[in-house]
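In: Attaching a predicted model along with its sequence, questions to come.
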Amino acid sequence: MNKRVAAVLVAGVWLACAAAAGAQAMSDQAPPPGREQRGITPQELDLLRKDIRSQKKQLVAQNLKLTDAEATKFWPIYDQYTAELVKINNKKYAAIQDYADHYGTLSDQQAMSLMKQWQEVDIAAAQLRAKYLPIIAEAIGGKNAATFAQIDRRLTLMIELQLSSRIPLLQTQ
């Protein structure tokens with residue numbers, strides 16, 4: 001079982017890296033004449049976020065083995081955590097949209113401001129995870145809470161990789 005899980009993870013990482021490399025190669029190319037190179041449209045971003053939240057909850061449910069009593073305690077906490085995380089991520093996605101809207105015309109100051117916003121979001125998300133870990137542990141126990149934290153972190157990293165691979169590097173503008 002462990003070998004199978006490891007093989008799936010390795011394949012997933014390989015595919016994610018290949019997708020990231022492909023996206024980077026594409027972002028290094030000049031856009032077609034008359035067409036501005038942009039990362040993600042607002043509609044794509046909104047759909048991506050909704051899809052991610054739905055899939056994330058399904059993956060947590062599939063991989064976090066809870067009793068009925070634990071599940072009754074856990075899911076309202078998870079929903080509250082997710083609602084707070086969405087508020088934090090709204091700032092990140094606003095910065096991404098600002099980047100996309102101004103891609104090609106960003107000054108040094110604007111670029112640094114956007115990166116500072118992104119870093120502040122990362123810090124706020126880490127603080128939120130730290131806030132909820134003991135709350136979740138109290139509800140479902142330490143091992144289950146740690147397992148949730150692992151699942152949540154893995155999914156977050158995969159989402160970040162997917163998102164980052166769709167955003168062209170600033171130097172290519």
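Out: Great, that's in hand. Residues are numbered from 1 along each chain as shown.

In: Point out where this structure drops to low pLDDT.
Out: Regions of the chain meeting the criterion pLDDT under 70 cover residues 1-40, 45, 172-173.

In: let's see it at 90
Out: Low-confidence segments of the chain, defined by pLDDT under 90: 1-56, 92-106, 111, 158-173.

In: Determine the longest helix present in it.
Out: Longest among the helix segments of the chain by residue count, using DSSP state H, is helix 68-102.

In: Please identify the buried residues of that helix?
Out: For helix 68-102, the buried set under the neighbour-count rule, 16 or more other C-beta atoms under 10 Å, comprises 74, 77-78, 81-82, 85, 88-89, 92-93, 95-97, 99-100. (Each C-beta comes from the backbone N, C-alpha and C, glycine too.)

In: where does that helix sit relative to the chain's centre, distance-wise?
Out: The gap between the average C-alpha position of helix 68-102 and the chain average comes to 10 Å, counting by C-alpha atoms, centre = their mean, to the nearest Å.

In: For residue 158, grab the count of nearby residues.
Out: Residue 158 is surrounded by 16 other residues when neighbours are defined as other C-beta atoms under 10 Å.

In: distance of it from residue 120?
Out: 22 Å (C-beta to C-beta, to the nearest Å).

In: so the nearest residue to residue 84 once chain neighbours are set aside is in which element?
Out: Once its chain neighbours are removed from consideration, residue 84 has its nearest residue in residue 128; the separation is 5.7 Å (C-beta to C-beta, 6 or more residues apart in numbering). Element membership of residue 128 [criterion: DSSP states H and E] is helix 108-140.

In: Quick one: distance of that helix to the chain centre.
Out: When C-alpha coordinates are averaged (C-alpha atoms, centre = their mean), helix 108-140 and its chain have centres 11 Å apart.

In: Summarise which helices and strands it is packed against.
Out: For helix 108-140, the helices and strands in contact under the criterion 3 or more C-beta pairs under 8 Å, 6 or more residues apart in numbering; DSSP states H and E are helix 68-102, helix 142-165.
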